[in-house]
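[1] predicted model, plus sequence, below.
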Amino acid sequence: MEGLARSKEVVVNVKCESVYPERHEGKERRDSLVMAYKTLGVVFGGLVTSPLYYSCIAIRAHDHGEGGTFALYSLLCRHLNIGILPSNHLPFNSTKHLQNTSLLARFFQTSLLARRLLLFVAILGTCMLIGDGILTPTISVLSAIDGLRAPFPSVTKSLVETLSAVVLIVLFLLQKFGTSRVSFLFSPIMGAWTLSTPLVGIYSIIHHYPSVFKALSPHYIFHFFWRNGKSGRLLLGGTVLCITGSEAMFTDLGHFNEKSIRIAFLFTIYPSLVLTYAGQTAYLIKHPNDHDDGFYKFIPTPVYWPIFVIATSAEVVASQSLISATFSVIKQSVVLDYFPRVKVVHTSNNKEGEVYSPEVNYILMVLCVAVILIFGDGKDIGNAFGVVVSLVMLITTILLTLVMIMIWRTPAMLVALYFVVFFVMEGVYVSAVFTKFAEGGWIPFVISFILAFIMFGWFYARQRKIDYEITHKITFARLEELSAERSVQRVPGLCFFYSNIQDGLTPILGHYIKNMKSLHKVTIFTTLRYLLVPKVAPHERIVIKKSNLKGVYCCVIQYGYADALDLEGDHFVDQVINSLTQHIQNSPENLSFESQTIEETSNLEEARCAGIVHVRGKTRFYIGLNCGWFDKIVLSFYEIMHSNCRSGLPALGVPPQQGIEVGMLYEA
């Protein structure tokens, strides 16, 4: 009756929506406007306090709502099968026929070197963005607090650094409340900033130089470079901070949506930026010697302190865009097995891309405070910041160009126009900021190198483990031989035996049976399968396959990188058993023999009542004398990470008393 009532309710809702479509559309518009308001406190925090194509072009290249360099990489892999992920990570029917793909796609599909280079570019972009998540909060908060030294000369540099560290700690402690709550707290601040600075800009334009908008003409851009030559290009390094935040806009897409970001950018952010920078430019034309502190000096005296308070608050809030983006990109990397497992918390019931990671949050907090205390000079941090921003944007442009060519099939003329314009523009910025490499520009490369080594080491070792398991896998024929031995008993109970491979069984199974001399009457070999897609449809989440051995089944739980592992404890067991029961009842061989269906379902329920156990392998590499120096370094580092990261089972909410770990050494 309850199910019937629910179905009637669904029918009524569908009818209402079909009869009154304007209600549904109106609600959707209201939701988009509310979400656009929220974006002010997160997505545009960095951009509005520091190119248009991120909002109008790049944001279209999302992977089912997820943005960022890694989302672009997974989008390419999912459509064209040009990644180097292991086979158990690839979605069903993902391989495209070579004759249906472009020439460039065929090149990537046939060249391992090209695929590795593509992976390197994606990892570099990801590491640079994480480095951005360290530098953005640091320079934003430090710049805000440093503003106290102008009105209060007695404030020392050490005090500024201490206050900045305290503010950063408070900012990171707020992250556990989730992006939605934080954005509602921060958005009024950014809204006040977005509205107040253009008003000051308009005043400055009228008062100092009304014809400043001539600067928007390309004529003056070409004239500037023609007149200044190489020195003009180098001067761009000092203006790169004006476009910071653009790189985070795309990555923060998973926390909001495409429409809300476009609304906020086109109708508030972009006009605010143009008027604010035009006002500062108008002031500097009349006062060229005030360029060191041009912002606060162009503020009229009567509104100085209100603007100072808003500006200081806004600079602190500006950090949020990269913090949220870092959570997103770390989560994508974890579920695609490119990063050690960390806890990922979904802080929204209706927005699965809104995530928070406690470990990542506190590591970022420690690193940000360390950067302030070690590199207290805002100039060095600013140079490092410029390198990160320009490189992330350049990498996004490269990956987006590949998406245009190989997936969107955009006309060659439009692709060339896009690539030439933005690659040249961003390439000039990159060449300009690289001249500051010795003056702080090396900082992001050190951070990125460490992160890249972590990601590559983890991925390389996971690949080696999977290769070993595929080479030494247990076939079902071998399982029948093992279970038929007299010393092996079929014991009561239901066992979930976890495996990393699907085409066969993990070698840990043979190790387990030989030592335990037993196999449960109902054994479900379970594989967690992360696909190169953001989300998996509910009806495709659990895939069941029956083996020839009585009471032995295979279960694949499929997840995309934007899905939440919300299967917890008994709920997880219930879902698998329900799927297994449906599989037994719908099996063609059981349709003719009702007694067999009853027997299998009865055995399943009896095994569940007898007790449930979850078995997983705790594998380690045996690094012998025959290993090369590269394997010794990388695999030893992996073992350190693996022993200190989270287990895969807690993600499913498996009770500790039901879990068993079987140790085994894999020969490297």
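    Nice, thanks for sending it over. In this text, all values refer to a predicted model and were calculated from it rather than measured experimentally. Numbering: from 1, shown residues only.
[2] any idea how many residues pack against A452?
    Neighbour count of A452, defined by other CB atoms under 10 Å: 18. C-betas here are computed from N, CA, C, even on glycine.
[3] my guess is it contacts I123. True?
    Yes: using CB atoms under 8 Å, A452 is in contact with I123, at 5.7 Å.
[4] mind listing the strands for the protein?
    345-346, 355-356, 489-498, 518-530, 542-546, 552-559, 612-622, 659-667 (DSSP state E).
[5] got the CA positions of the last one in CSV?
    This points to strand 659-667. Presented in CSV, the C-alpha positions along strand 659-667 are these (Å, rounded to 0.1, in the frame of the first residue of the first chain):
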residue,chain,number,x,y,z
GLY,A,659,35.7,-6.6,8.8
ILE,A,660,38.7,-9.0,8.2
GLU,A,661,41.9,-8.0,6.5
VAL,A,662,44.0,-10.6,4.8
GLY,A,663,47.7,-9.7,4.5
MET,A,664,49.7,-10.7,1.5
LEU,A,665,53.0,-9.6,-0.1
TYR,A,666,53.1,-8.8,-3.8
GLU,A,667,56.5,-9.2,-5.4
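[6] packing partners for that strand?
    On a contact count with 3 or more CB pairs under 8 Å, 6 or more residues apart in numbering; DSSP states H and E, strand 659-667 meets helix 442-471, helix 507-516, strand 612-622.
[7] and for the first one?
    Contact here means 3+ CB pairs under 8 Å, 6+ apart; on that basis strand 345-346 packs against strand 355-356.
[8] what mean pLDDT does the strand it packs on get?
    On average, the pLDDT along strand 355-356 is 82.
[9] so what touches that strand?
    175-176, 178-179, 254, 327-328, 331, 344-347 (CB atoms under 8 Å, 6 or more residues apart in numbering).
[10] swap the cut-off to 6 Å and go again
    175, 327, 331, 344-347 (CB atoms under 6 Å, 6 or more residues apart in numbering).
[11] swap in stretch 403-416?
    Contacts of stretch 403-416 (CB under 6 Å, 6+ apart): 61, 79-80, 102, 104-105.
[12] if we use 10 Å, what do you get?
    Applying CB atoms under 10 Å, 6 or more residues apart in numbering, the contact partners of stretch 403-416 are 57-58, 60-61, 63, 72-73, 75-76, 78-80, 82, 96, 101-108, 400-402, 417-419.
[13] list only buried entries from the residues you listed.
    58, 61, 63, 72-73, 75-76, 78-80, 82, 96, 101, 105-106, 108, 400-402, 418-419 (16 or more other CB atoms under 10 Å).
[14] as CSV, the helices and strands packed on strand 659-667 with mean pLDDT and distance to F222 would be great.
    Output for those, formatted as CSV (pLDDT from 0 to 100; distance: least, CB to CB, whole Å):
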stretch, mean pLDDT, distance to F222
helix 442-471, 88, 31
helix 507-516, 90, 66
strand 612-622, 89, 59
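[15] can you redo these as TSV with distance to S390?
    What follows is the helices and strands packed on strand 659-667, written out as TSV (distance: least, CB to CB, whole Å):
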stretch	distance to S390
helix 442-471	10
helix 507-516	47
strand 612-622	39
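[16] with respect to D132, which of the strands of the chain lies nearest?
    strand 355-356 (17.5 Å; CB to CB).
[17] the spatially most distant residue from the centre of the chain and S140, how far apart?
    Residue farthest from the centre of the chain, counting by CA atoms, centre = their mean, is R486 at 51.0 Å. R486 sits at a distance of 70 Å from S140 (criterion: CB to CB, to the nearest Å).
[18] same question, F222
    Note on F222: its distance to S140, by CB to CB, is 33 Å.
[19] same thing with G279?
    Counting by CB to CB - G279 and S140 are separated by 21 Å.
[20] who's more crowded, the two?
    Each of G279 and S140 has its neighbours counted (other CB under 10 Å); S140 has more, 30 against 27.
[21] from what I can see that one touches G133, true?
    No: using CB atoms under 10 Å, S140 makes no contact with G133, being 11.5 Å away.
[22] what do the two both touch?
    Going by CB under 10 Å, 6+ apart, residues that sit against S140 and also against G133 are 319, 321-322.
[23] no further questions, thank you.
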